[in-house]
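Peer 1: Model the structure of this input:
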Amino acid sequence: MARAAPYDRDAALDAAMALFWDKGYHATSLKDLEATLAMKPGSIYAAFTSKENLYLLALERYFETSRSGIRAAMARAPSPLTGLANHFRGFARLAPHDTARQACMMTKTLIDTRTTDPAIVEQARGYLAAMQQEFSACFARAVAIGELPDTADPDRLARRYLANISALRIELARGAPPEDVLTLAEDMALEVEGLRAVIPAP
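Peer 2: Numbering: from 1, shown residues only. Take a look at the predicted model:
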């Protein structure tokens, strides 16, 4: 009897993440997973226990990838506010077929599973809260270096920033004209840059 071909766990999770992100938890069937992962049902369950657990692992992968990308971009930026502003501009430069033009997987998860799958919803909410804290830390660094005034509230700014990202990605997902996305992203970027503290002349 021939042995089942070994699978690459990282590749399988990447493929599952892309599939779930596109179709959502409920609309993704076992047949979809079989075809995308090139695995038999028994192999999928042996490797990942259940469809729900596979989704949770895929969602975790999405979150970790997103957070790593933000951290890398911020580390390259000359200042926190410049990095945050350029993050908005980056969405307007996405290629037409880039999967990042979809709405955030964490946000889509909340919509798809809010009334049906509490474990998935809890994890999605936790990841969104963690992303908000990531942006809050960026604004806090801006305060620490004098780029923002001491009166600035990093948590409040982070909530607004995360909400703007969601709005921008929804525009991308619904196929708004590129020039409209570019204008919206630039308006959001300028809003962030406009927060800079005015340093009085000596």
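Peer 1: After the helix or strand where Arg61 lies, heading C-terminal, what element do we hit next?
Peer 2: Assigned by DSSP states H and E, Arg61 belongs to helix 51-76. Using DSSP H and E, the helix or strand that follows helix 51-76 towards the C-terminus is helix 80-92.
Peer 1: in the helix holding Arg61, what counts as buried?
Peer 2: By 16 or more other CB atoms under 10 Å, the buried positions in helix 51-76 come out as 51, 54-59, 61-63, 66, 70, 74. (Glycine included, C-beta is placed from N, CA and C.)
Peer 1: got the angle between that helix and helix 80-92?
Peer 2: 120 degrees (axes from the mean of the first three to the mean of the last three CA atoms, to 10 degrees).
Peer 1: which helices and strands does helix 51-76 pack with?
Peer 2: Judged by 3 or more CB pairs under 8 Å, 6 or more residues apart in numbering; DSSP states H and E, the packing partners of helix 51-76 are helix 9-23, helix 30-37, helix 41-48, helix 80-92, helix 105-113, helix 118-144.
Peer 1: State the mean pLDDT of that helix.
Peer 2: Helix 51-76 shows a mean pLDDT of 96.
Peer 1: now stretch 92-102
Peer 2: The average pLDDT for stretch 92-102 rounds to 87.
Peer 1: Then stretch 146-158?
Peer 2: The average pLDDT for stretch 146-158 rounds to 96.
Peer 1: Contacts for that stretch, please.
Peer 2: Stretch 146-158 is contacted by residues 79-81, 132-133, 135-140, 142-143, 195-197, 199 when judged by CB atoms under 8 Å, 6 or more residues apart in numbering.
Peer 1: Swap in 10 Å and give it another go.
Peer 2: Identification of contacts with stretch 146-158 by CB atoms under 10 Å, 6 or more residues apart in numbering yields 79-82, 84, 131-144, 159-161, 192-193, 195-199.
Peer 1: Please apply the same query to stretch 26-36.
Peer 2: Stretch 26-36 is contacted from outside by 12, 15-16, 18-23, 39-41, 43-45, 48, 51, 54-55, 58, 112-113, 116-117, using CB under 10 Å, 6+ apart.
Peer 1: so how far is Arg156 from Arg125?
Peer 2: Arg125 is 19 Å from Arg156, where distance means CB to CB, to the nearest Å.
Peer 1: neighbour-wise, which of those two wins?
Peer 2: Set side by side, Arg125 and Arg156 show more neighbours around Arg125, with 14 against 11, by other CB atoms under 10 Å.
Peer 1: what number of residues lie near the closest residue to Thr116 other than its chain neighbours?
Peer 2: Counting by CB to CB, 6 or more residues apart in numbering, Thr116 lies nearest to His26, which is 7.3 Å off, once chain neighbours are set aside. Residues lying near His26 (other CB under 10 Å) number 10.
Peer 1: secondary structure class for His26?
Peer 2: Three-state call for His26 (DSSP: H, G, I helix; E, B strand; the rest coil): coil.
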